[in-house]
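> output the structure for:
(chains A and B)
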Number of protein chains: 2
Amino acid sequence: MDLKTDERRRNLLRVGLLGFGTVGGAFAEVLAASGNADVRITHVFNRGVERKRAHVQAKFVASDAVWTERVEDVLESKDVDVVVELMGGLDPAESWLRAALSAGKHVVTANKQLIAYRGAELFELAAEKGVQLLYGAAVAGGVPVIPGIAQGLSGERITRIIGIVNGTCNFILSSMESGAEYGAVLAEAQRKGYAEADPSADVDGWDARAKLCVLARLALHAEIDPEQVPTQTIAAISAIDFAYAKELGCTVRQVSRAAVMDGVVSASVGPMLVPTTSPIAWSHGTQNMVVTSGRFGGDVVFSGHGAGGYPTAVAVMSDVRAIAERSVQVRLPAKKMKVVGDVVAPHYLRFVVGDRPGIVAAIAGALAKYGVNIDSLLQHRGHPERRLPFVVTTEPCSSATLEKAVAEMAEMAFMVEPPLCLEIVVANDPATD
Amino acid sequence: MDLKTDERRRNLLRVGLLGFGTVGGAFAEVLAASGNADVRITHVFNRGVERKRAHVQAKFVASDAVWTERVEDVLESKDVDVVVELMGGLDPAESWLRAALSAGKHVVTANKQLIAYRGAELFELAAEKGVQLLYGAAVAGGVPVIPGIAQGLSGERITRIIGIVNGTCNFILSSMESGAEYGAVLAEAQRKGYAEADPSADVDGWDARAKLCVLARLALHAEIDPEQVPTQTIAAISAIDFAYAKELGCTVRQVSRAAVMDGVVSASVGPMLVPTTSPIAWSHGTQNMVVTSGRFGGDVVFSGHGAGGYPTAVAVMSDVRAIAERSVQVRLPAKKMKVVGDVVAPHYLRFVVGDRPGIVAAIAGALAKYGVNIDSLLQHRGHPERRLPFVVTTEPCSSATLEKAVAEMAEMAFMVEPPLCLEIVVANDPATD
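The predicted structure follows:
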């Protein structure tokens, strides 16, 4: 009897929670619903802890848990086995998690920025201390992309990852499909709580870029510097682009893409044209999707709810469960690799010009000068002559070369606004795409 | 130096391979390409081993490996740490794997029948012996559904799984979408090697049923008897059903479905109508797809190549990698549950009748007698009067009740062939489906 009680005590996993916001509260609820008697929240750190304690989800935390505004109470406690970090940001999260790992505590985090920028050192520290650092919630929230790759595709040689990993951008772009303009949809997203007051992290691609780097380390075994990954804002996309994309059998999505070849990673984040027959085009609303392309098994698609309190809490809970089960994640070694933004692909160029003779000749001439071949030229009727949009698609060409041609074209006197240049995503695996 | 060599020897994982067919050969190649120096195939068992040894993929097996026709050479060898079983079938695979586990060897298997029918006892034996029994290749081959659920959704309360898990049926049905008849497409599938000479295991649903039971244990924590799961053959599906399905915004797929409620599992395998907007309709050709529906995170979609040597070998290799890394899979406890075939759903009824007055009245009367409401009635022109197909869809009703009505209708004199009754799959998660 005594032995059993002892054993139970030994097997109890005590969780110190940093952050009792949307995800933290949902985690407490999911844990309570799981019936996992061997996992217990013993500490909760948050600013304004009395207000948090009055939250409806606080009832899912055991009544004898310590609620504190001093993070040291959690990090230095002998009664915490795993620190669950749900605060986000690089600083002070990094120093807190370093302290937790150094103290021999496991860490579960949903912090994509931290894992993207400081993951390599943190994994090393965790290995040194013999503890686990799990981050399944850092990419695509409730979609088990990270454990799926780590445990289920460790035997694959993945050469490309391509994903829709920012729900806000996907909501905006999939809403624009029906004809709405960017500004109106962004305002709606802000009203619905999908987009921040300052939407830059989402629409300019910084959030997606961090997630792409996390995925690249795991899937491509490539440690890359987020700052080296070119990003392009979705703010330049207009309703007219969806109309032209449709004509090309495509739609527009914020795509995060990385491929490894000869020890170099080609990567970028931004709006791209995606064939409507590709899985990438399937995701609507705030959904996330990641497609891995492997040398042996072809394309694998993971899809579902990327964000939100409950989906993210499911990922956190699954990581905590793994630690409770002493299930050590498969380690996939990564090495530092250089990023090139250049990619050989067909491209979509959209111009808005003041109509006059010789425009097509000028543009075609600039492209020809750089050896870029035109695939198609599209022009819809019904636009004013002084703001005439038209589209050129190119045959596969180097994006870096094309950029030079675009820079020259941007200087042409008839351009009413800067030309928009988007990559057209090409299917990798004919059986899937 | 000596220490290092010793350590290396200790960390070497020695694989005994049972079966050097399509998957076995691909596994040897994938292992060789992985550069995993800590995993080595030391034994290969197969009948006609000399012929196997001459196979082009035999070169991926180390030259000092033992090739044998005596399975005991593998099962009893002290130089085998993990037995990889790629033979299939219940017997003799079960006794072999029991022997391997009893001898303290880890087991990796792609054998869905064995895991479906004998999994509970085998997992118990493995736990007792302190070894791992991994089976990631048993369902959906190269798609990491099993590790994805075990490691990434252990924190979720999954209430429903629905999948396309038989590539042969999916090839046949997705080919029939373009108007071909069942017989012709089956013959083509047989020519291409997608279907066996005796296609029963695929088209009648036995293969999918085993996979569904494997998934139910893991995702729904429900140990169910495969024999209790009703299956329906796809052989009764005709080109005309695709035409009607299209009119209803649907297509036809072999769907494997299980949901748990109040400790009872509702499950079935067979052709069903699937809305074209549902992820389930996305899978084409031999692709597999599994959708889990969770209480907290909503729907998660896994998709990719279900079968074939290389995709399956990736799953096997990933399991072997996990064992090499001492990554113990999260155990999700399952308990025995009863299966009911009955489901409340809208249904599709297709009749072929010899035209005469009063047919619709008779059918409507039979449905009304059992309290089943008609949702729509469809009839295309251009069919001969003596073989007139027409379709009735019902509002949601109990399939068991509907079966009684269908049994009565089958006896009606104007029926030229037995009525076809298919479930219409309803979306669970509006954001995904």
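
> show me which residues of the stretch 251-400 of chain A sit near chain B.
Listed as neighbours of chain B in the stretch 251-400 of chain A under the rule CB under 8 Å from any CB of the partner chain: A:279, A:282, A:284-287, A:294-305, A:310-311, A:313-322, A:325-331. (Each C-beta comes from the backbone N, C-alpha and C, glycine too.)

> need the buried ones from those selected in PyMOL.
Buried subset of these, written as a PyMOL selection, criterion 16 or more other CB atoms under 10 Å in any protein chain shown:
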select buried, chain A and resi 279+282+284+286+287+294+296+297+298+299+300+301+302+303+304+305+310+311+313+314+315+316+317+318+319+320+321+322+325+327+328+329+330
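
> out of the residues of the stretch 251-400 of chain A next to chain B, which sit inside strands?
Those of these mapping onto strands are A:287, A:294, A:298-305, per DSSP state E.

> do you know how far the nearest residue to A:Tyr370 once chain neighbours are set aside is from A:Gly371?
Leaving out its chain neighbours, the residue that sits closest to A:Tyr370 by CB to CB, 6 or more residues apart in numbering or on different chains is A:Ala405, at 4.4 Å. Per CB to CB, to the nearest Å, A:Ala405 is found 9 Å from A:Gly371.

> of these two, who's got more company?
A:Ala405 (23 against 11; other CB atoms under 10 Å in any protein chain shown).

> contacts for the strand or helix carrying the more buried one, please.
Taking DSSP states H and E as the definition, A:Ala405 sits inside helix A:399-410. Applying CB atoms under 8 Å, 6 or more residues apart in numbering or on different chains, the set of residues contacting helix A:399-410 from outside is A:341-345, A:347, A:349, A:351, A:362-363, A:366-367, A:369-372, A:394, A:415, A:418-419, A:421, A:423.

> same thing with stretch A:80-96?
Applying CB under 8 Å, 6+ apart, the contact partners of stretch A:80-96 are A:13-19, A:21, A:23-24, A:27, A:42-43, A:71, A:74-75, A:97, A:100, A:105-111, A:113-114, A:117-118, A:122, A:316, A:320, A:323.

> how about that stretch: buried residues?
Buried, per 16+ other CB under 10 Å, within stretch A:80-96: A:80-87, A:93-94, A:96.

> do stretch A:215-232 as well
A:215-220, A:222-224, A:226, A:229-232.

> now, which of those residues sits nearest A:Val143?
A:Leu215 (11.7 Å; CB to CB).

> doesn't A:Val145 make contact with the closest one?
Yes. Assessed by CB atoms under 8 Å, A:Leu215 is found in contact with A:Val145 at 7.1 Å.

> what touches both of these two?
Common neighbours of A:Leu215 and A:Val145 (CB under 8 Å, 6+ apart) are A:139, A:163, A:290.

> just the buried subset of the residues you listed, written out for ChimeraX, thanks.
Typed into ChimeraX, the line below selects the buried ones among the shared contacts of A:Leu215 and A:Val145, using 16+ other CB under 10 Å:
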select /A:139,163,290
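
> inside strands: which ones of the shared contacts of A:Leu215 and A:Val145?
Of those, the ones assigned to strands by DSSP E are A:163, A:290.

> with pLDDT added, can I get the shared contacts of A:Leu215 and A:Val145 in TSV?
Listed next are those as TSV, based on pLDDT from 0 to 100:
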residue	pLDDT
A:Val139	96
A:Gly163	95
A:Val290	97
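
> and which of the shared contacts of A:Leu215 and A:Val145 is nearest to A:Arg381?
Distance to A:Arg381, by CB to CB, is smallest for A:Gly163 among those, at 36.6 Å.

> can you give me the mean pLDDT across stretch A:40-55?
When pLDDT is averaged along stretch A:40-55, the result is 94.

> run through the neighbouring helices and strands of the helix ranked longest in chain A.
Criterion DSSP state H: the longest helix present in chain A is helix A:112-129. On a contact count with 3 or more CB pairs under 8 Å, 6 or more residues apart in numbering or on different chains; DSSP states H and E, helix A:112-129 meets helix A:93-102, strand A:106-109, strand A:133-134, helix A:206-219.

> tabulate those in TSV, adding columns for mean pLDDT.
Shown next, in TSV, are the helices and strands packed on helix A:112-129 (pLDDT from 0 to 100):
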stretch	mean pLDDT
helix A:93-102	98
strand A:106-109	98
strand A:133-134	97
helix A:206-219	97
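
> nearest to A:Leu186, out of these?
Shortest distance between A:Leu186 and these, using CB to CB, is found for helix A:206-219: 15.0 Å.

> go ahead and confirm A:Trp67 touches A:His55.
No. Counting by CB under 8 Å, A:Trp67 stays clear of A:His55, with 10.9 Å between them.

> need phi/psi at the closest residue to A:Lys338 other than its chain neighbours.
Using CB to CB, 6+ apart and skipping the chain neighbours, the partner closest in space to A:Lys338 is A:Val264 (5.5 Å). For A:Val264, the backbone dihedrals (degrees, to the nearest 10) come out as phi -120, psi 140.

> taking the mean pLDDT, what do you get for stretch A:300-317?
Averaged over stretch A:300-317, pLDDT sits at 93.

> also stretch A:405-417?
Mean predicted confidence for stretch A:405-417 is 95.

> start and end of it, how far apart?
Distance between the two ends of stretch A:405-417: 16 Å, counting by CA to CA, to the nearest Å.

> doesn't B:Ala307 make contact with A:Asn297?
Asn isn't right for residue A:297; it's Gly. No. Counting by CB under 8 Å, A:Gly297 stays clear of B:Ala307, with 10.6 Å between them.

> shared neighbours, those two?
Counting by CB under 8 Å, 6+ apart, the residues touching both A:Gly297 and B:Ala307 are B:Gly141.

> dump the buried residues of stretch A:215-232 into CSV; add distance to chain B as well.
Listed next are these as CSV, based on distance: CB to the nearest CB, whole Å:
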residue, distance to chain B
A:Leu215, 14
A:Ala216, 18
A:Arg217, 17
A:Leu218, 13
A:Ala219, 12
A:Leu220, 15
A:Ala222, 15
A:Glu223, 18
A:Ile224, 21
A:Pro226, 24
A:Val229, 25
A:Pro230, 29
A:Thr231, 26
A:Gln232, 27
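
> in chain A, what spans have low per-residue confidence?
Scanning chain A for pLDDT under 70 picks out the ranges A:1-10, A:428-433.

> any idea how it splits into domains?
The record, using automatic domain parsing to delimit domains, assigns chain A the ranges A:2-134, A:145-304, A:344-423.

> out of the ones you listed, which is the most enclosed?
With neighbours defined as mean count of other CB atoms under 10 Å in any protein chain shown, the domains of chain A peak in mean count at domain A:145-304, which reaches a mean of 22.

> start and end of that domain, how far apart?
One end of domain A:145-304 to the other measures 10 Å (CA to CA).

> distance from the chain centre to that domain, please.
From the chain centre to the centre of domain A:145-304 is a distance of 7 Å (CA atoms, centre = their mean, to the nearest Å).

> dump the residue contacts of the residue in the stretch 251-400 of chain A that chain B sits nearest to.
Proximity to chain B, evaluated over the stretch 251-400 of chain A using CB to the nearest CB, is greatest for A:Met317 at 2.6 Å. A:Met317 makes contacts with A:27, A:30-31, A:34, B:154-156, as judged by CB under 8 Å, 6+ apart.

> of all pairs in these, which one is the farthest apart?
A:Phe27 and B:Ser154 (13.9 Å).
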